[in-house]
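Q: A structural model of the following input is requested.
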Amino acid sequence: MKDEAVPAIGEAVRDTSRDRVGRVTDHPGPYCRLRPLGGGREWDADPSHLRAMSQDELLSALLAEVNARSRQGR
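A: A predicted model of the protein is given here:
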């Protein structure tokens, strides 16, 4: 994302510096705070390393999260 385009709280984004996907939960200082789609520990990300996700990418990431969770129960 460009520096001017800080994602909105609740928006799903890809952190390209960490190759992780999360939802924006806050904007503390110059960073965005992200939480994994399936919940978990938040991390801070530089907004210049965030990329908005298409609906197809978001659906794929959510499905991967559900599949990973289902394998943990075995």
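Q: where do the strands of the chain begin and end?
A: 12-15, 20-26, 32-36, 43-45, 50-52 (DSSP state E).
Q: closest one to residue 61 among those?
A: strand 20-26 (4.6 Å; Cβ to Cβ). Using the backbone N, CA and C atoms, a C-beta is placed for each residue, glycine as well.
Q: which residues does residue 43 contact?
A: For residue 43, the contact set (Cβ atoms under 8 Å, 6 or more residues apart in numbering) comprises 15, 18, 20, 22, 33, 34.
Q: residue 49: which of the residues you listed is nearest?
A: For the contacts of residue 43, the nearest to residue 49 is residue 15 (5.9 Å; Cβ to Cβ).
Q: neighbours around that closest one, how many?
A: Here the number of neighbours of residue 15 (other Cβ atoms under 10 Å) works out to 19.
Q: hmm, back to that, present the strands of the chain as CSV; the columns should include distance to residue 67.
A: Output for those, formatted as CSV (distance: least, Cβ to Cβ, whole Å):
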stretch, distance to residue 67
strand 12-15, 17
strand 20-26, 14
strand 32-36, 14
strand 43-45, 22
strand 50-52, 23
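Q: spatially central, which residue of the chain would that be?
A: Relative to the mean C-alpha position of the chain, the nearest C-alpha, by Cα atoms, centre = their mean, is the one of residue 22, at 1.6 Å.
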